[in-house]
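Peer 1: A structural model of the following input is requested.
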Amino acid sequence: MGLRGANGWRGLVNQAVLASFVLCLVVMAHDPASAIDVKLTVDEAKKALAAGREPMEKALSMKDDKASQEEAKKIAQDASLKTRVGADPEKDSCGASAILRTKRYWFESFGHQEARESKKQKREIRMPEDKIQKSLDMPNLEISVQLCGDDEYFAEGAQVVFQQGAKHIKPVDVSPAERGRKNEGQGPAYRTRFTARFAYDSFDPNAKTKVIVFFLDGKQIEFDADFSKVK
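Peer 2: Got it, this is the predicted structure:
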């Protein structure tokens, strides 16, 4: 076979390595683990609790009380930004958006509370195992829709659905919108929010989705939500 045969084998090996690398990239791009976590294990839940608790403990242990509270507030706000879909509030303060309160979101929030309660009671406070399991069994994704309008009651009776392809997914329930608060920024005069809950088994947690809000006057707004980027 000689040198040509050796070079031929090297070429085949290189092609195989390249093909394997490309395949890994494809798998990573479609890895459902990067999407909304519908099913978490107890260990994963405890890691999420720690991910929320540890930075909050550091913030609350700062000697400067004002700086401590500001850092704690920033940590809580950052947690919401990680699961927000729709308008970026830093670029469009009155654009329609929603915070997806996923299971991982809740556990990190519970971690924040563990840190606060531990400092308040001056002893280690941890979420009981039965409460962890109860939260793991939550059947619904809660979303908090935030939007602006021209009067205090513009969102009264508002409804929301997820659109995935030709499928429209309705929520299990929708809470009444809050009375509008004065909008201090640019845009319409009032801002409000309302919550809705969607059964996890009713939608694809790894899909690009359109969130559509319907108002009583027949108007509607919509914005895109890429669930594959939210945990």
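Peer 1: which sections of the chain are below the confidence cut-off?
Peer 2: The chain contains residues with pLDDT under 70 at 1-34.
Peer 1: Would you map the helices across it?
Peer 2: 2-29, 42-60, 65-82, 103-121, 129-136 (DSSP state H).
Peer 1: Show me what the nearest residue to residue 86 once chain neighbours are set aside is bridged to.
Peer 2: Once flanking residues are discounted, residue 86 sits nearest to residue 97: 3.2 Å by C-beta to C-beta, 6 or more residues apart in numbering. Placement of C-beta: from N, CA and C, glycine included. When bridges are called by DSSP bridges, residue 97 pairs up with residue 86, residue 146.
Peer 1: where's the spatially most central residue of the chain relative to residue 230, distance?
Peer 2: Nearest to the geometric centre of the chain sits residue 83, at 2.3 Å (C-alpha atoms, centre = their mean). Distance, residue 83 to residue 230, by C-beta to C-beta, to the nearest Å: 5 Å.
Peer 1: With residue 151 instead?
Peer 2: As judged by C-beta to C-beta, residue 151 and residue 230 stand 32 Å apart.
Peer 1: Which of the two has more residues huddled nearby?
Peer 2: Counted by other C-beta atoms under 10 Å, residue 151 and residue 230 do not tie: residue 230 has more neighbours, with 22 against 11.
Peer 1: Residue 38 is in contact with that one, correct?
Peer 2: No. Residue 230 lies out of contact with residue 38 (C-beta atoms under 8 Å); the separation is 11.6 Å.
Peer 1: before we move on, the earlier item: in contact with the residue nearest to residue 86: list those residues for me.
Peer 2: Applying C-beta atoms under 8 Å, 6 or more residues apart in numbering to residue 97 gives the contacts 84, 85, 86, 87, 88, 89, 145, 146, 147, 223.
Peer 1: Straight-line length of stretch 144-161, end to end?
Peer 2: With C-alpha to C-alpha, to the nearest Å applied, stretch 144-161 spans 13 Å between its terminal residues.
Peer 1: Mutual contacts of residue 83 and residue 230, please.
Peer 2: 100, 102.
Peer 1: Please tell me I have it right and residue 104 contacts residue 47.
Peer 2: No. If you go by C-beta under 8 Å, residue 104 and residue 47 don't touch, sitting 9.4 Å apart.
Peer 1: Compare these two and say which one has the larger neighbour count.
Peer 2: residue 104 (23 against 16).
Peer 1: Once you drop chain neighbours, what's closest to residue 138?
Peer 2: residue 103 (6.3 Å).
Peer 1: now residue 76: how far from residue 99?
Peer 2: From residue 76 to residue 99 the distance is 12 Å (C-beta to C-beta).
Peer 1: Which of those two has more residues huddled nearby?
Peer 2: residue 99 (22 against 14).
Peer 1: Run through the residues that contact the residue lying closest to the more buried one once chain neighbours are set aside.
Peer 2: Of all residues not flanking residue 99 in the chain, residue 144 sits nearest, at 4.5 Å (C-beta to C-beta, 6+ apart). Neighbour list for residue 144: 98, 99, 101, 193, 194, 195 [criterion: C-beta under 8 Å, 6+ apart].
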